[in-house]
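Predicted model and sequence follow; I will ask about them next.
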Amino acid sequence: MTTASDSATIIALLRERSWSIAAAESLTGGLLVSALIDTPGASRAVRGGIVAYDTCLKHSLVGVDAQLLAEHGAVHPDVARQLADRVRLAAAIDGVSADVGIGTTGVAGPDPQDGQPVGTVFVGISIRGTVDVVALQLEGTRDEIRRATVEHALRRLREALESA
C-alpha cells in the first residue's frame, strides 16, 4: 500500500468507529499529520498534532516524563510510548481524550543523537490506552528517513486499527 491509501484506510476506520486521533511528532516534523489530513474527510477524525521537535517540549507540551528524557534522551522506545499515549490527553476536547495517539521520535541525521545512530526510529501507537512501540532502523538521507518513518508509521497504524 502507499502512504495515501494507508491514510485513507486509517481515516475510514476511525470514522466508522467515531474515533479520533492525535499525533506527537519529533523527527517527522508534521509530515505524519499532513499525510493524514491529505485524506478527504479527515477533519471528522484528526484532532491535530504537536510537533515537539525540541526535547524540552516533549515534556512541557506532551507530558513525557522529564526523568526519562534526562536519563535516556529523546530517542528511546519509552519516549515514543509516552508521546503516543499522552498526546491523546493533550488533544482532549471537553475532557474527552482522543481515542488513538501516535508518536514519532528518532534520528534523521546528519549526526547521531542521544547515543543512537542515524536511522534509529521509534513509533508509538496508542489505541484507547493500549500502547505498542515499533523500532525501526532506516537508511538514507535525512529526508528519506523522515518520509520512510511516516510510511512505516501509517502502515503499522493501519494494521493496528484493522486488528483492534
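It's in.

wait, what's in contact with residue 135?
77, 120, 121, 122 (CB atoms under 8 Å, 6 or more residues apart in numbering). No exception for glycine: its C-beta is placed from N, CA and C like everyone else's.

shouldn't residue 132 be in contact with residue 102?
No. Using CB atoms under 8 Å as the test, residue 132 is too far from residue 102 to be in contact (10.5 Å).

For these two, work out which one has more neighbours and name it.
Remark: of residue 132 and residue 102, residue 102 carries more neighbours, 31 against 14, as counted by other CB atoms under 10 Å.

Could you find the closest non-adjacent residue to the most centrally placed residue in the chain?
In the chain, the centroid-proximal residue (CA atoms, centre = their mean) is residue 103; its distance is 2.4 Å. Leaving aside its sequence neighbours, residue 103 sits nearest to residue 83 (CB to CB, 6 or more residues apart in numbering; 2.6 Å).

all helices of this structure, in order?
For the chain, the helices defined by DSSP state H occupy 3-17, 31-37, 55-57, 66-72, 77-90, 142-163.

Many thanks, have a good one.
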